[in-house]
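Q: Any chance you could fold what I've pasted below:
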Amino acid sequence: MVRMSLLDIRIVPDPVLREMCSPVALLDARVKKMAEDMLETMYTAPGIGLAAPQVGILERMLVVDVSNPDDGEDKKPYCLINPEIIWKSEATSVYREGCLSIPDQYADVTRPAEVRVKFQNPTGSFEEMHATGLLATCVQHEIDLLNGVLFIDYLSRLKRDMILRKLSKQQREG
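A: Here you go, the predicted model:
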């Protein structure tokens, strides 16, 4: 088996994390390889989602897998290319979110409890996903990253500044 490369994850305050991503225009071998590399990077990190800008690629692509192997679940990876939320529930849910680009920092974020997302898979086929629970939260979190939005942007200025100060201290001591 050929080993896929692990990609470097960008950390706040890297400016690429605040950029708006462009649509993926051509779904080719490069995009399939990028999806494989992003999944390997996400699993190794470990995380449950990874958006292309987190690895320095300003294209609208993300990977997620909220399965729990510790509970005996098989991996269930998704690769969403050019994802678009086409419906959000009025009901909301609160999850304690973290981000591979903001290591070891977590906060409660309120989002729609369910979403419907239209996207292309790596073969170019169009699909729709109705996501609930953790998957809905994760997909929304990763789509936000494609738009230059971080989970800390949903927090009060006080909480956001506190997290950024902790992260800055970690980086200085690191």
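Q: tell me the SS of Gln170?
A: helix (DSSP: H, G, I helix; E, B strand; the rest coil).
Q: so what's the most centrally placed residue in the chain closest to, chain neighbours aside?
A: When CA atoms, centre = their mean is applied to the chain, the residue found nearest the centroid is Glu142 (3.0 Å). Leaving out its chain neighbours, the residue that sits closest to Glu142 by CB to CB, 6 or more residues apart in numbering is Leu62, at 4.0 Å. From N, CA and C alone the C-beta is placed, and that goes for glycine too.
Q: Next, the nearest residue to Ile48 once chain neighbours are set aside: secondary structure please.
A: Using CB to CB, 6+ apart and skipping residues adjacent in sequence, the residue nearest Ile48 is Val66, 5.0 Å away. Here Val66 is coil, with the state taken from three-state DSSP.
Q: re the thing from before, the residue nearest to Glu142: neighbour count?
A: Summarising burial for Leu62: neighbours were counted as other CB atoms under 10 Å, giving 28.
Q: what helix or strand is it on?
A: Take DSSP states H and E as the rule and Leu62 turns out to sit in strand 61-64.
Q: pLDDT averaged over that strand - what is it?
A: In this model, strand 61-64 carries a mean pLDDT of 98.
Q: my guess is the residue nearest to Ile48 contacts Ala131, does it?
A: No. With contact defined as CB atoms under 8 Å, Val66 does not reach Ala131; the gap is 9.2 Å.
Q: Show me where the chain has its helices.
A: Secondary structure of the chain by DSSP state H: the helices cover 29-44, 133-146, 157-173.
Q: Looking at those helices, which is nearest to Pro77?
A: helix 29-44 (5.4 Å; CB to CB).
Q: Local confidence estimate at the nearest residue to Val55 once chain neighbours are set aside?
A: Using CB to CB, 6+ apart and skipping residues adjacent in sequence, the residue nearest Val55 is Leu7, 4.0 Å away. pLDDT for Leu7: 96.
Q: And Pro77, by the same measure?
A: 97.
Q: nearest spatial neighbour of it, skipping sequence neighbours?
A: Asp65 (4.3 Å).
Q: cool, Lys76 as well?
A: Ser67 (4.5 Å).
Q: what stretches of this protein score poorly on pLDDT?
A: 1-5 (pLDDT under 70).
Q: again, only using 80
A: Where the chain drops to pLDDT under 80, the residues are 1-5, 174.
Q: if we can go back for a sec, report the contact partners of the residue nearest to Val55.
A: Asp37, Met38, Thr41, Val55, Gly56 (CB atoms under 8 Å, 6 or more residues apart in numbering).
Q: before we move on, what about Lys159?
A: Ala107, Ile152.
Q: Ok, Arg111 next?
A: Thr92, Ser93, Tyr95, Ala136, Thr137, Gln140, His141, Tyr154.
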